[in-house]
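J.: whatever this is, show me its structure:
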Amino acid sequence: MNKSKQSLLVNSKIISLLIGICVALISVAFISLWGDFDTTTHVVIVLVTFASSYLLSYIVLEFLFIKELEKVYEILEHMKGEDYSLLKEDLGKKSSPFGRLYDEIYSFASIKEREIEELKKLEQFRRDFLADVSHELKTPIFAAQGFVHTLLDGAIKDKTVRTKFLKKAAKSLDALDNLVHDLLTLSQMESGEIRMHFENFNIYHMCEEVIDELEDKAEKKDIKIGFSIDSEPNLMVYGDQRRLYQVILNLASNAIKYTEDGGKAEIILKRKNGEAYIGIKDNGIGISKEHTHRIFERFYRVEKSRTKKKGGTGLGLAIVKHVVDGHNRKVQLESTPGKGTLFFFTLPLAKKGDSNHLVKGKQITNEKI
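T.: Here you go, the predicted model:
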């Protein structure tokens, strides 16, 4: 028994003793007023009233109050150690004088338990993020550093080697620049510093521009990239044109990147349920089901060794998600390993009247997207 329980037990005995003494004295006083009794009678009355009132008070205090208070102390002790197992039973439904107190403790502890779980998740996310950022930054830095040191060690005298290594160092530094830019963009999106510029625009023409930009990349892998249109070529939508261009470009680029040579990728555009449906489909390697719910996380890679070779910052899909979320829509995917993947989302159709609208955040300059 800990100190708190011992203290409660001592207090209950003291309180019962005081009650017994008071009742005995009051009883003797009343009896003295009613008649003249001898000393023996007074002593018997005092002993009987004291004993009975003491026992009754002690039983009431011990079993109706002290036991319940001990339960409260036990719960609080467990809560100090972040053990909420005693709260699995609904204490508030117990019929006792402390029913309301149990309700309050149960409610408070449940809130704290959820807060602690959230803090643990955030702390784990922070650790994972710092580890990922550290790793992603080290890769291009060490690569460029290695090429430069090789040149400084004497290889710079060979013109062919010098040109080759400088190009590789420049490529590594470009990768570092892209990573830092994507990190900054994602951070600004999450904090609301980047504002969306909503306007009416032709989504068909935008998709054509994306295909034109990726045509050379697709040709290198003999991949056919095209359109699947179930709508008119002048389909107008309402959104941030510049950022949505980056979304479609990113998804289409991934479709080419993760499709084997000789495969195909297509942008699907159609009206669906009063909105514009945009899908990017490929017949590439696909994504297994256990990875689909995490694919939009920062730096998450399905197969790190394979995706590392294919390049990228690991932040593209996270940015895609934030941009689409900024349009109050959700980007979704369907994928079958070995058969291909479909990423899709919807956009509202063009609005009549005032077509320009700025949404939240501060003006950010020198943006790439």
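J.: any idea how this protein splits into domains?
T.: With domains defined by automatic domain parsing, the chain comprises 3-115, 196-359.
J.: out of these, which gets the lowest mean score?
T.: Mean pLDDT values for the domains of the chain show the minimum at domain 3-115, a mean of 69.
J.: if we can go back for a sec, of all the domains of the chain, which lies closest to residue 186?
T.: domain 196-359 (5.7 Å; Cβ to Cβ). Backbone N, C-alpha and C define where each C-beta goes, glycine included.
J.: downstream of the helix or strand hosting residue 185, the next helix or strand is which one?
T.: Per DSSP states H and E, residue 185 falls inside helix 159-191. Per DSSP H and E, the first helix or strand lying C-terminal to helix 159-191 is strand 196-202.
J.: quick one: strands adjacent to that next one?
T.: Partners of strand 196-202 in the sheet, by DSSP bridges, are strand 236-240 (antiparallel), strand 357-359 (antiparallel).
J.: related to what we said a few turns ago, can you give me the offset of the helix holding residue 185 from its chain's centre?
T.: 29 Å (Cα atoms, centre = their mean, to the nearest Å).
J.: show me what it is packed against.
T.: helix 99-152, helix 316-325 (3 or more Cβ pairs under 8 Å, 6 or more residues apart in numbering; DSSP states H and E).
J.: swap the cut-off to 10 Å and go again
T.: helix 99-152, helix 241-257, helix 316-325 (3 or more Cβ pairs under 10 Å, 6 or more residues apart in numbering; DSSP states H and E).
J.: how far off centre is the second one?
T.: Translated: helix 241-257. For helix 241-257, the distance to the chain centre is 25 Å (Cα atoms, centre = their mean).
J.: still on that earlier bit, go through the domains of the chain and name the closest to residue 149.
T.: domain 196-359 (22.3 Å).
J.: what's residue 264 sitting at in phi/psi?
T.: Main-chain dihedrals, residue 264, degrees, to the nearest 10: phi -150, psi 150.
J.: leaving out sequence neighbours, find the closest residue to it.
T.: Nearest in space to residue 264, with sequence neighbours left out and distances taken as Cβ to Cβ, 6 or more residues apart in numbering, is residue 224 at 4.4 Å.
J.: hang on, isn't the one you found packed against residue 214?
T.: No: Residue 224 is beyond contact range of residue 214, at 11.6 Å (criterion: Cβ atoms under 10 Å).
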